[in-house]
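Novice: Just the structure for this:
(one chain, ligands or ions: 1)
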Amino acid sequence: MSALANHAFAKMNGIGNEIVVVDMRDSAAKVTPDDARAVASANGGVAYDQLMVLQKPRLDGTEAFIRIYNNDGSEAGACGNGMRCVVRRIFEKNGQTAATFETAAGLLNAWQGPAPDLYTVDMGAPKFGWQDIPLAEEFRDTRYIELQIGPIDNPILHSPSVVSMGNPHAIFWVDDVNAYDLERFGPLLENHPIFPERANITLAHIVDPQHITIRTWERGAGLTRACGSAACATAVGAARLKRAERKVEITLPGGKLGIEWRERDDHVLMTGTATFEYEGRFDPALFAPAA
Ligand SMILES: N[C@H](CCC[C@H](N)C(=O)O)C(=O)O
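Specialist: Numbers count the residues shown, from 1 in each chain. Sure thing, here's the model as predicted:
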């Protein structure tokens with residue numbers, strides 16, 4: 001039987017990005033991709049975009065090792081909105097206002113602030129090398145790669161920037177993020193062979209050097225109302241193109257995030273809210289083997 005059967009969870013959201021938080025630090029059991037898919041089951045499950053699983057800390061000074069699952073069961077190396085939800089949950093339980101977490105992408109510092117209802121996560125430094133994204137072939141300048149959708153002589157979307165925040169992101173620069181059928185183009189681009197680990201696909205409109213609007217088709221989760229790591233990747237991508245400052249406000253369908261690509265260490269700081277919705281326990285029937 002799955003380690004999640006009857007296990008407590010918290011349903012939260014990060015500006016509309018649907019998050020489930022499960023604290024398994026008291027257990028050595030592992031969550032499997034099948035478990036993650038079962039939790040998202042439309043038949044008695046909990047609808048979510050990312051499942052944040054807290055496991056026993058592996059390093060001194062860290063609160064937990066966090067594994068991140070998309071609702072298709074795939075694992076992600078980063079989840080900004082999910083991290084803010086984890087941070088709120090932990091700080092409300094132990095009274096802390098700062099902590100360090102470990103994820104597959106490395107160590108993440110997080111703190112409450114700059115206001116009581118805001119949480120800031122240091123998402124680490126972005127990576128731009130074609131093998132870091134990763135891409136299936138070499139591109140020396142990842143500010144624009146050769147990738148397009150639509151007629152060869154009149155592409156609908158083309159020349160995205162690519163950035164890794166611990167997970168792969170492709171950002172297409174457009175004048176209106178709502179003018180494209182992202183539900184149609186998203187999966188084609190997510191699964192394009194140029195992305196051996198697939199990719200999160202973002203449409204971004206640079207309103208002015210301090211404001212960018214985005215909409216994201218997420219790898220392994222589809223169209224979501226917000227994607228924090230995409231907001232980070234977009235802010236960095238725009239700054240690399242000298243089209244935005246290193247400190248910007250990103251507007252997503254579900255709300256706004258403050259992003260700063262810090263000069264002194266190239267780390268990306270993401271600030272926003274985290275909303276608690278309800279808590280419950282997973283119905284064991286979700287994980288029962290198919291009859
Ligand atoms: N929604 C998450 C991103 C999850 C990324 C996941 N879709 C992947 O990289 O596979 C966020 O707020 O950063």
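Novice: in a helix, that's where Ala238 is, yeah?
Specialist: Yes: secondary structure of Ala238 (DSSP: H, G, I helix; E, B strand; the rest coil): part of a helix.
Novice: burial measure for it, as a count.
Specialist: Other residues near Ala238 number 24, with proximity taken as other CB atoms under 10 Å. For glycine as for every other residue, the C-beta is placed from the backbone atoms N, C-alpha and C.
Novice: Retrieve the pLDDT associated with it.
Specialist: At Ala238, the predicted lDDT confidence score is 98.
Novice: for Ala290, same thing?
Specialist: According to the prediction, Ala290 has pLDDT 68.
Novice: Please state the backbone phi and psi of the residue nearest the centre of the chain?
Specialist: Residue closest to the mean C-alpha point of the chain, counted by CA atoms, centre = their mean, is Cys79 at 3.2 Å. When quoted as degrees, to the nearest 10, the phi and psi of Cys79 stand at phi -160, psi 100.
Novice: quick one: it and the ligand, what's the gap?
Specialist: 4 Å (CB to the nearest ligand atom, to the nearest Å).
Novice: who's in contact with that residue?
Specialist: For Cys79, the contacting residues are Ile19, Gln50, Met52, Ile68, Asn167, Gly228, Ser229, taking CB atoms under 8 Å, 6 or more residues apart in numbering as the criterion.
Novice: Is Asp35 in a helix, a strand, or coil?
Specialist: For Asp35, the secondary structure call by three-state DSSP comes out as helix.
Novice: any idea which element the residue lying closest to Trp217 once chain neighbours are set aside lies in?
Specialist: Residue nearest to Trp217 in three dimensions, not counting chain neighbours: Gly186, with 2.7 Å by CB to CB, 6 or more residues apart in numbering. Under the criterion of DSSP states H and E, Gly186 resides in helix 182-190.
Novice: ok so, going back, what's the local residue count around the residue nearest to Trp217?
Specialist: When counting by other CB under 10 Å, one arrives at 22 neighbours for Gly186.
Novice: That one touches Asn200, doesn't it?
Specialist: No: here Gly186 does not reach Asn200: they are 9.3 Å apart, not a contact under CB atoms under 8 Å.
Novice: Tell me what Leu51 is bridged to.
Specialist: Note on Leu51: beta-bridge partners by DSSP bridges are Val20, Tyr69.
Novice: got the contact list for it?
Specialist: Leu51 sits next to Ile19, Val20, Val22, Val31, Ala36, Val39, Ala40, Ile68, Tyr69, Asn71 when contact means CB under 8 Å, 6+ apart.
Novice: Would you mind naming what in the chain lies close to the ligand?
Specialist: Contact residues of the chain with respect to the ligand, defined by CB under 6 Å from any ligand atom, are listed as 14, 17, 49-50, 70, 76, 78-82, 167, 200, 218-221, 224, 227-229.
Novice: I'd like the next helix or strand past the helix holding Gly186.
Specialist: Under the assignment DSSP H and E, the closest C-terminal helix or strand after helix 182-190 is strand 200-208.
Novice: Name the single longest helix found in this structure.
Specialist: helix 80-94 (DSSP state H).
Novice: so what's Ala285 up against?
Specialist: Contact partners of Ala285, counting by CB under 8 Å, 6+ apart, are Gly44.
Novice: Ok, Thr213 next?
Specialist: For Thr213, the contacting residues are Val177, Ala204, His205, Val207, Ile250, Thr251, Leu252, taking CB under 8 Å, 6+ apart as the criterion.
Novice: Can you tell me which of these is nearest the ligand?
Specialist: Each of the contacts of Thr213 was scored against the ligand by CB to the nearest ligand atom, and Leu252 proved nearest at 9.3 Å.
Novice: bridging residues for the closest one?
Specialist: In this structure, Leu252 has beta-bridge partners Gly255, where bridges are defined by DSSP bridges.
Novice: Let me see the confidence value for it.
Specialist: pLDDT at Leu252 comes out at 98.
Novice: Asp175 is in contact with His205, isn't it?
Specialist: Yes: between Asp175 and His205 there is a contact at 6.1 Å, judged by CB under 8 Å.
Novice: Taking the contacts of Thr213, tell me the two that lie furthest apart.
Specialist: Looking at the contacts of Thr213 by CB to CB, the two members farthest from one another are Val207 and Leu252, with 13.1 Å of separation.
Novice: out of those two, which sits in the more crowded spot?
Specialist: When Val207 is set against Leu252 and neighbours are counted by other CB under 10 Å, the residue ahead is Leu252, at 28 against 13.
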